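1. Please work out how this folds:
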Amino acid sequence: MRATTDVLNRLHRAQGQLAGVIAMIELGRDRKDVVTQLAAVSRALDRAGFKIVASGMRQCLAEHNGSQDDGSTPPTTEAELEKLFLALA
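-> Purely as a prediction, here's the structure:
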């Protein structure tokens, strides 16, 4: 559950940053400043996505090594992880 908490924290931070970008546009702030902040939002979202993929990879390794989770979700296949990773590229 630690990974979920980390991802949610990153997403909440990105949500706040995005609200700031919207406010900057509404206030007519300089485009360079807006783009800089928008890039920060994009990086925050990328980091959240990578955290999700990394968590899935960790889960797969744990299952491969004999550890099992609570069984509430089916294990992620290698192909699914690859597709998720490439979606972030």
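2. Check what pLDDT D70 gets.
-> For D70, the model assigns a pLDDT of 61.
3. With G20 instead?
-> Listed pLDDT for G20 reads 96.
4. Helix, strand, or coil at it?
-> When classified by DSSP: H, G, I helix; E, B strand; the rest coil, G20 comes out as helix.
5. Could you pull up the residues touching it?
-> Residues near G20 by CB atoms under 8 Å, 6 or more residues apart in numbering: Q37. (C-beta placed from N, C-alpha, C; glycine too.)
6. Quickly note the distance from it to N9.
-> For G20, the distance to N9 (CB to CB, to the nearest Å) stands at 17 Å.
7. Just after the lengthiest helix in the chain, pick out the following helix or strand.
-> When the chain is parsed with DSSP state H, its longest helix is helix 31-64. Downstream of helix 31-64, the next assigned helix or strand under DSSP states H and E is helix 78-88.
8. what's the angle between that following helix and helix 31-64?
-> 170 degrees (axes from the mean of the first three to the mean of the last three CA atoms, to 10 degrees).
9. how far out from the middle of the chain is the longest helix of the chain?
-> Distance, stretch centre to chain centre, for helix 31-64: 3 Å (CA atoms, centre = their mean, to the nearest Å).
10. Just list what it packs against, helices and strands only.
-> For helix 31-64, the packing partners by 3 or more CB pairs under 8 Å, 6 or more residues apart in numbering; DSSP states H and E come out as helix 2-26, helix 78-88.
11. Point to the residue nearest the middle of this structure.
-> Centroid-nearest residue in the chain, with CA atoms, centre = their mean: A48, separated by 1.8 Å.
12. Now for that residue: which residues touch it?
-> Counting by CB under 8 Å, 6+ apart, A48 has contacts 7, 10-11, 14.
13. if we take those, which one ends up nearest to A62?
-> Proximity of those to A62 (CB to CB) peaks at V7, which lies at 17.7 Å.
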